[in-house]
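Trainee: My questions concern the predicted model and sequence given below.
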Amino acid sequence: MKISPHIIVFVTIALLISTTTHATNSQPLTKGQQINVGVYLLDIGKFDLSTGGYTADFYLSLTSDQPIQLNSFEFMNGRASSLDLLVNEPTNRIYRVQASLHEKINLRAYPFDTHAVTIQVEEKDNGISNVIYRTNFSKTGIDRNVTIVGWDLVGWTSQVIEHAYPVFDDTYSRYVFSVRIHRNKLSAILKAFLPVTFLIFVGMLSLLFKPEKFESRLALTTSTLLGAVMFHVNLGGQIPPVGYLTFADRFMIISYIVLIACLSSAILLMRHIHNKNDILAQRIYRWSLTGIPILTIGLYVLVFLTRNQ
């Protein structure tokens, strides 16, 4: 069977095009190549405190004075759900990325907590002996329309670190773009501390009752103590279980101490009045009227001074 010369020419041209394309996209790296990395953030969404997960939409730019391998990078704190190559030049590649990422969450300062939302990029197969990342500040930043519901953006940083893998006896260059966010302080005060402050105020009003009104003192302090417990349960349900005390936990423990002190004074008054010991009852009344407020102020000042510990 004879093969047409036209078919032979067509097959030859197709093979040449395929070989050229493969060579362009698979250029070998020169040792010590420097790649300038930039991230321009477009959006952050679905920031979940229970898992530390969030989504990010951003442009990723890679530039170098040498050819860059195609898709040679990966995200070390998540995976890209969408990766579109917008600029495909041997020394300049720009991607539009939508990724599902995660970060370790520290809630010790909750509800005044601050978090770092990061995008971490690293080479798949090339250690620092082959590729070294550098920050491209001219192509790094945050779009002015970026917002995270319930959070305030503090600012952003960009750095390159060396991450060692002792098991493989190799070290990789890692680019880290970080956005600092913190909870709105006014919102935290209104939602987390104002209700408890009213409960404490109402509970301490019982100290103004005369010793003979110990039934009213007992009723008032007991109800406020139960209200504080229920509020604490609701407040703690907004964050995942953690193995340490948050600032809100320490604040509520102080509130329990204050309300229990008020309740204890009412119980002691009841006991001594029933035993006809009016002198001791008056002493407890005067002590509770001055000592408990001083104790309250001292404990709250202490917990606020140590809120970041």
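Mentor: Good, I have the coordinates.

Trainee: Please make it C-alpha for all contacts and neighbour counts, starting now.
Mentor: Fine.

Trainee: Strands along the stretch 151-300 of the chain, start to end?
Mentor: For the stretch 151-300 of the chain, strands defined by DSSP state E, counting those that start in this stretch occupy the ranges 151-165, 170-183.

Trainee: right, so those strands: which one is the most enclosed?
Mentor: Across those, averaging neighbours per residue (mean count of other C-alpha atoms under 10 Å) puts strand 170-183 on top, at a mean of 20.

Trainee: quick check: angle from that strand to strand 151-165?
Mentor: Orientation check (axes from the mean of the first three to the mean of the last three C-alpha atoms, to 10 degrees): strand 170-183 against strand 151-165 gives 170 degrees.

Trainee: Who does strand 170-183 pair with, and is each partner parallel or antiparallel?
Mentor: Paired neighbours of strand 170-183 in the sheet (DSSP bridges): strand 114-123 (antiparallel), strand 151-165 (antiparallel).

Trainee: Of these, which is nearest residue 141?
Mentor: Nearest to residue 141, of all the strands paired with strand 170-183, is strand 151-165, at 7.6 Å by C-alpha to C-alpha.

Trainee: same question for that closest one, mean pLDDT?
Mentor: Mean pLDDT, strand 151-165: 93.

Trainee: With stretch 272-286 instead?
Mentor: Average pLDDT, stretch 272-286: 85.

Trainee: how far does that stretch stretch from start to finish?
Mentor: Terminal residues of stretch 272-286 are spaced 14 Å apart (C-alpha to C-alpha, to the nearest Å).

Trainee: Stretch 235-252 too?
Mentor: 10 Å.

Trainee: What of stretch 74-94?
Mentor: With C-alpha to C-alpha as the measure, the ends of stretch 74-94 fall 14 Å from one another.

Trainee: could you dump the strands paired with strand 170-183 to TSV with distance to residue 249?
Mentor: Converted to TSV, these look like this (distance: least, C-alpha to C-alpha, whole Å):
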stretch	distance to residue 249
strand 114-123	17
strand 151-165	21
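
Trainee: Quick one, which of the ones you listed gets closest to residue 33.
Mentor: strand 114-123 (12.0 Å).

Trainee: Moving C-terminal from the closest one, which element do we reach first?
Mentor: strand 131-135 (DSSP states H and E).

Trainee: Now do the following helix or strand past that following strand: distance to the chain's middle.
Mentor: Downstream of strand 131-135, the next assigned helix or strand under DSSP H and E is strand 141-142. Centroid separation between strand 141-142 and its chain, computed with C-alpha atoms, centre = their mean, to the nearest Å, is 19 Å.

Trainee: just to revisit the earlier point, to residue 54, which of the strands of the stretch 151-300 of the chain lies closest?
Mentor: Set against residue 54 and scored by C-alpha to C-alpha, those come closest in strand 170-183, at 12.3 Å.

Trainee: what's the neighbour count on residue 270?
Mentor: As a burial measure, residue 270 scores 20 neighbours (other C-alpha atoms under 10 Å).

Trainee: For it, list the residues it contacts.
Mentor: Taking C-alpha atoms under 8 Å, 6 or more residues apart in numbering, we find residue 270 in contact with 211, 214, 215.

Trainee: out of the residues you listed, which are inside helices?
Mentor: The helices, defined by DSSP state H, take in 214, 215 from the contacts of residue 270.

Trainee: Take the contacts of residue 270 and write them to JSON lines, including distance to residue 105.
Mentor: JSON lines is the format used below for these (distance: C-alpha to C-alpha, whole Å):
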{"residue": "211", "distance to residue 105": "49"}
{"residue": "214", "distance to residue 105": "46"}
{"residue": "215", "distance to residue 105": "46"}
